[in-house]
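Q: when you get a sec, could you give me coordinates for this:
(2 chains)
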Amino acid sequence: MTLPVPTGLNGVPLRPLIEARGVTMRFGGVTAVAGVDFTLGEVELRCLIGPNGAGKSTFFKILTGQLKPTEGRIALRGTDITGAEPHAIARLGVGIKTQVPNVFNGLSVHENVFVAASRRKSLARTRAIVDETLTRLGLTGIARREVGQLAHGQRQWVEIATVLAQEPELILLDEPAAGMTHEEVHRTAALIREINRTHALIVVEHDMPFIRMIAKTVTVFNQGRILVEDEVDAVLADRRVRDVYLGKQAA
Amino acid sequence: MTPTVFRPSGAGLRSAAGFLATLALGLALLFGAPHTLDTFGLVQCTGFAALAMFGLSQGFVWGFAGVMSFGQAAFLGLGGYAYAVAVLNLGDSTLPVLCAIAVPMLFAALLGYFMFYGRISDAYIGVITLTVSVILFQLVNATSGSQYRIGAAELGGFNGIPAIPALNLPGHPGEPLDTDGIWYAAMGALILVYVVLRAVLASRFGRVVVAIRENETRAQLIGYDPRLYKLLAFTIAAGVAGLAGCLYANWGGFISPTVFGLPMSAQVIIYVLVGGLGTLVGPMLGAVLIQALIITAGSQSVLDSNLGLGLVLVGFVLLVPQGLVPVLRGLSWRLIERRAGKAAPGPLATETAR
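A: Sure, this is the predicted structure:
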């Protein structure tokens, strides 16, 4: 399933990695996501921004199968994954770091990454991935510590490590810089840029300086809809984007 | 094990040492008990071994898979009855022992399929399993009369099935094992099941089972189907409980619907809580302690034995919530570390590693 992808160029790939058409999610009378059309190319990095309640996390949950959309279709490299089970979507190559860290609290850092790396792989391969991932994220020193006892920032890194260890094609990061120190934020940005050399990513974040560090294209969500989608500088200069962040209603 | 890649951690070493110590103690009991105990004592210990295996079953499914199966007696009873019915029909005990394991496993696979794939929440799994055990109790209780028979075996309703032939060596149905033989079978099986469960937990399957207990969402998001792993763990535990039921039937040579009863399901939960949730040794130890306590309480008349048992449970939940084994383990390691620190700081750890 390898396609000739124009990596490194800004050209549009032949087939999108992920494509959402008219995705709508209603909870009773509340419409959290309303008719979203979203396309992401191979090895593309996209940032999603928008005020709280704009539907970003809900959209992530739909992409990973944690929620089944009320309407609309989602395709991963042309395969329809609408309403598929989360584990099935994960096996197709979608990894997610959730907003509230989902880690195995009672297990060690090493065990967390091991479990993520070991699915359908030989023991030797698994160990190689675990060692590489722990080194890459600088977690080797705390590999034997129990994750539940780590600081919030470290737990975020452990979660990112588990996501990387499963070797996904598409990585979704929901607020990866939340609760991190200034230095950790910089390291996270560098890591995201590095991952993006080989992988597609969608990053939800509120931290504007962080967005500036990593983003090329930004999609802005507001009230369940896509408000604008453009280059990072154009988006951050956009009057409407400032307004929705300040709580004014977009015209 | 490649020592260059896998630096043995303190926890791993302790776990291995604990395993070897348990194994050594088990083997010492297995071969020592027939020489030191009289017949009555040995029979009593055989009963303890059967109930310790029942405790293992509950400890595995609840403590490691995180499945709140609170009707584990259903599988104990199914195992016991499956053995009794099969051995009365077949004579030779080899196949009946396998039946005692397979019947509860099949039943658990079916029940578990509907529970886990039907996305029943944890608390309701507790309710359903408990209810199923009560239904089985009522069902078997109502089988009085000669019309309720499976082949040569009359189920006997609330009177149960008496005179169940004991285990025999494969191929020698005419020569049932004596008390010593039954002890070796029961205690040997207990040690074997303990070793097998340790191996299961150390395997990748076991690691995923424990990971799902820790965070089901994360396990799903990295590609594991929690429903399947829970179903398999539930089914394995049912097989262990079934084997315990087989030993239980051998111990008394008799089985009645009380094996399905609520007190049975409740007792095994107490074994696990007292011994330590999340350990395998704890439930076995809890089973022996609680059963010894029940026997002692039964031979005195100062305090009602159920009241006494209740007080013990409340005391444990309030004072030692993590259970005996984790507390004792922590204490002994601290003691060993202190001694090792005084005598020889470095080499001891590497010595025990070998």
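Q: would you map the strands across chain A?
A: For chain A, the strands defined by DSSP state E occupy A:18-27, A:30-40, A:45-49, A:71-76, A:79-80, A:94-97, A:170-174, A:200-204, A:217-222, A:225-231.
Q: out of these, deepest packed?
A: Among those, ranked by average contacts under mean count of other CB atoms under 10 Å in any protein chain shown, first place goes to strand A:94-97 (a mean of 27). Heads up, the C-betas are built off the backbone N, CA and C, glycines and all.
Q: could you list the paired strands of that one along with their orientation?
A: Applying DSSP bridges to the sheet, strand A:94-97 is found paired with strand A:170-174 (parallel).
Q: and the angle from the strand it pairs with to strand A:200-204?
A: With axes from the mean of the first three to the mean of the last three CA atoms, to 10 degrees defining the directions, strand A:170-174 sits at 10 degrees from strand A:200-204.
Q: dump the strands of chain A into a markdown table; add mean pLDDT and distance to residue A:120 as well.
A: Output for these, formatted as a markdown table (pLDDT from 0 to 100; distance: least, CB to CB, whole Å):
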| stretch | mean pLDDT | distance to residue A:120 |
| --- | --- | --- |
| strand A:18-27 | 95 | 22 |
| strand A:30-40 | 95 | 25 |
| strand A:45-49 | 95 | 28 |
| strand A:71-76 | 96 | 18 |
| strand A:79-80 | 94 | 18 |
| strand A:94-97 | 96 | 15 |
| strand A:170-174 | 96 | 18 |
| strand A:200-204 | 96 | 22 |
| strand A:217-222 | 94 | 33 |
| strand A:225-231 | 93 | 36 |
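Q: and of the ones you listed, who's closest to residue B:17?
A: Nearest to residue B:17, of all the strands of chain A, is strand A:94-97, at 36.7 Å by CB to CB.
Q: residues in contact with the closest one: which ones?
A: The contact list for strand A:94-97 (CB atoms under 8 Å, 6 or more residues apart in numbering or on different chains) reads A:60, A:63-64, A:76, A:156, A:159-160, A:163-164, A:166, A:168-174, A:176, B:221-222.
Q: what about the residue minimising distance to the centre of chain A, distance to residue A:96?
A: Nearest to the mean C-alpha position of chain A, counting by CA atoms, centre = their mean, stands residue A:172 at 1.4 Å. In this structure, residue A:172 and residue A:96 are 4 Å apart, going by CB to CB, to the nearest Å.
Q: shared neighbours of the two, anything?
A: Residues touching both residue A:172 and residue A:96 (CB under 8 Å, 6+ apart) are A:60, A:63-64.
Q: which parts of the chain are helices?
A: Using chain A here. Using DSSP state H, the helices of chain A run over residues A:56-63, A:86-91, A:109-117, A:123-136, A:152-165, A:182-195, A:208-214, A:232-237, A:239-245.
Q: that answer is for a different chain, and I need it for chain B
A: Here chain B has its helices, by DSSP H, at B:10-36, B:39-58, B:73-90, B:94-117, B:122-141, B:179-202, B:204-214, B:216-221, B:226-252, B:262-275, B:281-298, B:305-319, B:324-343, B:347-353.
Q: so which elements touch the third one?
A: Looking back up the chat, that one is helix B:73-90. Using 3 or more CB pairs under 8 Å, 6 or more residues apart in numbering or on different chains; DSSP states H and E as the contact test, the elements touching helix B:73-90 are helix B:39-58, helix B:94-117, helix B:122-141, strand B:153-154, helix B:226-252, helix B:262-275.
Q: what separates the shortest one from the chain centre, distance-wise?
A: Taking the mean of its C-alpha atoms, strand B:153-154 sits 27 Å from the chain's own mean (CA atoms, centre = their mean, to the nearest Å).
Q: direction included, what does it pair up with?
A: With DSSP bridges as the test, strand B:153-154 pairs up with strand B:149-150 (antiparallel).
Q: so which of the strands of chain A is nearest residue B:46?
A: Closest approach to residue B:46 among the strands of chain A is made by strand A:94-97 (51.9 Å; CB to CB).
Q: render the CA-only coordinates of the closest one in CSV, please.
A: In CSV, the C-alpha atoms belonging to strand A:94-97 read as follows (Å, rounded to 0.1, in the frame of the first residue of the first chain):
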residue,chain,number,x,y,z
VAL,A,94,-3.9,5.8,13.4
GLY,A,95,-2.3,6.7,16.8
ILE,A,96,-3.7,9.3,19.2
LYS,A,97,-2.4,11.1,22.3
